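A.B. asks: Sequence first, then the predicted structure, then my questions.
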Amino acid sequence: MSTMTEKNDQHSAGEAVDADEGGDRKFVTALARGLEVLRAFRPRDGFLGNQEIAERTGLPKPTVTRLTYTLCTLGYLTKMPRTGKYQLAPSAITLGYSALANLGIRQIARAHMDELAERLAAPVALGIRDRNRALYVDISRGSAAITFQLDIGSGIPLAQSAMGRALLSVMPPDERERAIAALAPRYGADWPELEREMRGEIEACIQRGYAISAGAWRPGIHAVAAPLVAADGSGVYAFNCGGPPYQFTESFMHDEVGPAIRDLVRSVEAALNGRRR
């Protein structure tokens, strides 16, 4: 099965703006487009030019040119004079860190994630849904030798990843079906096979409390994830743990990792409830 997520994610931004406008008089299109430009920057991107930003957002290049100029003037982008390309400036980065700081679950879950990462000798991550992907908001690597090129801010596909499938499993059915329908055009001929596997894991997650992805996203990564819905309605999250196939065998994922991730969710839920009392 081919993986098309990076390329397809580039077009989601402009589509989202067009979809959200929908005749809503309260919707400020210029603001939405400016935010989409900021969203176009991903971890380890370095500098992006107007053409690259236009391709990622689906916005016309003249529009992008005006937006990048405005965002530079406001201090959210920095322009490299020699190349004419842009990167996120400290003002934009501060917004991201402020949002992370307000995610209280990160502080509550951290000790549990560290303990599990050490016990399983594999990284454990916390993520949220971000449109057609899951977004890492925290990660604990422990002292494991296993390392992946994923960090806070990294996005992984909803359909192919264990974390994405776990997040889909706790969505209201109607909302989940809309989300799945939006994913279909991104995979072309690969979609029927991927959809069958994804739906099977979504249903399994509903029944057993965790979802699996065995090489569906990347052949060298097997992962397990479990969802958490905050009782106070403050958010929907998922924890995942993954590693290479030789370590994360089918039996290891079902006998060890799945129950451990499920227990982690229960521990964090209990801590969240205790905090509110």
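C.D. replies: Yep, that arrived.
A.B. asks: quick one: residue 79 and residue 89 touch, right?
C.D. replies: No - with contact defined as C-beta atoms under 8 Å, residue 79 does not reach residue 89; the gap is 9.3 Å. (Each C-beta comes from the backbone N, C-alpha and C, glycine too.)
A.B. asks: Can you check which residues contact both of the two?
C.D. replies: Counting by C-beta atoms under 8 Å, 6 or more residues apart in numbering, the contacts common to residue 79 and residue 89 are residue 72.
A.B. asks: For the protein, just list every one of the strands.
C.D. replies: Using DSSP state E, the strands of the chain run over residues 77-80, 85-88, 124-130, 133-140, 155-157, 211-214, 222-229, 236-243.
A.B. asks: how about CSV for those, with mean pLDDT, distance to residue 169 and mean neighbour count added?
C.D. replies: Shown next, in CSV, are these (pLDDT from 0 to 100; distance: least, C-beta to C-beta, whole Å; neighbours: other C-beta atoms under 10 Å):
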stretch, mean pLDDT, distance to residue 169, mean neighbour count
strand 77-80, 91, 37, 17
strand 85-88, 91, 33, 20
strand 124-130, 93, 11, 24
strand 133-140, 92, 12, 21
strand 155-157, 92, 15, 24
strand 211-214, 97, 6, 26
strand 222-229, 96, 6, 26
strand 236-243, 95, 9, 27
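A.B. asks: Compile these into TSV and extend it with columns for distance to residue 168.
C.D. replies: Shown next, in TSV, are the strands of the chain (distance: least, C-beta to C-beta, whole Å):
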stretch	distance to residue 168
strand 77-80	33
strand 85-88	29
strand 124-130	8
strand 133-140	9
strand 155-157	11
strand 211-214	8
strand 222-229	9
strand 236-243	9
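A.B. asks: Look up the closest residue to residue 72, ignoring the ones flanking it.
C.D. replies: Using C-beta to C-beta, 6 or more residues apart in numbering and skipping residues adjacent in sequence, the residue nearest residue 72 is residue 79, 5.3 Å away.
A.B. asks: List the beta-bridge partners for the one you found.
C.D. replies: Taking DSSP bridges, one finds residue 86 as the beta-bridge partners of residue 79.
A.B. asks: check contacts around it.
C.D. replies: Each residue near residue 79 by C-beta under 8 Å, 6+ apart is listed here: 68, 72, 85-86.
A.B. asks: do you know how far the closest residue to residue 254 other than its chain neighbours is from residue 201?
C.D. replies: With sequence-adjacent residues excluded and distances taken as C-beta to C-beta, 6+ apart, residue 254 is closest to residue 212, at 7.9 Å. Taking C-beta to C-beta, to the nearest Å as the measure, residue 212 falls 6 Å from residue 201.
A.B. asks: which residues are common contacts for these two?
C.D. replies: Contact criterion C-beta under 8 Å, 6+ apart; residues shared by residue 212 and residue 201: 162, 165.
A.B. asks: Tell me, what's the model's pLDDT at residue 39?
C.D. replies: Confidence at residue 39, expressed as pLDDT, is 85.
A.B. asks: again but with residue 150, I slipped
C.D. replies: In this model, residue 150 is scored at 81, pLDDT.
A.B. asks: For the nearest residue to it once chain neighbours are set aside, give me its contacts.
C.D. replies: Leaving aside its sequence neighbours, residue 150 sits nearest to residue 136 (C-beta to C-beta, 6+ apart; 6.1 Å). Taking C-beta under 8 Å, 6+ apart, we find residue 136 in contact with 125-127, 150-156.
A.B. asks: so what's residue 136 bridging to?
C.D. replies: When assigned by DSSP bridges, residue 136 has beta-bridge partners residue 127.
A.B. asks: Neighbours of the closest residue to residue 43 other than its chain neighbours, how many?
C.D. replies: Nearest non-adjacent residue to residue 43, counting by C-beta to C-beta, 6+ apart: residue 153, 4.7 Å away. Residue 153: 14 surrounding residues under other C-beta atoms under 10 Å.
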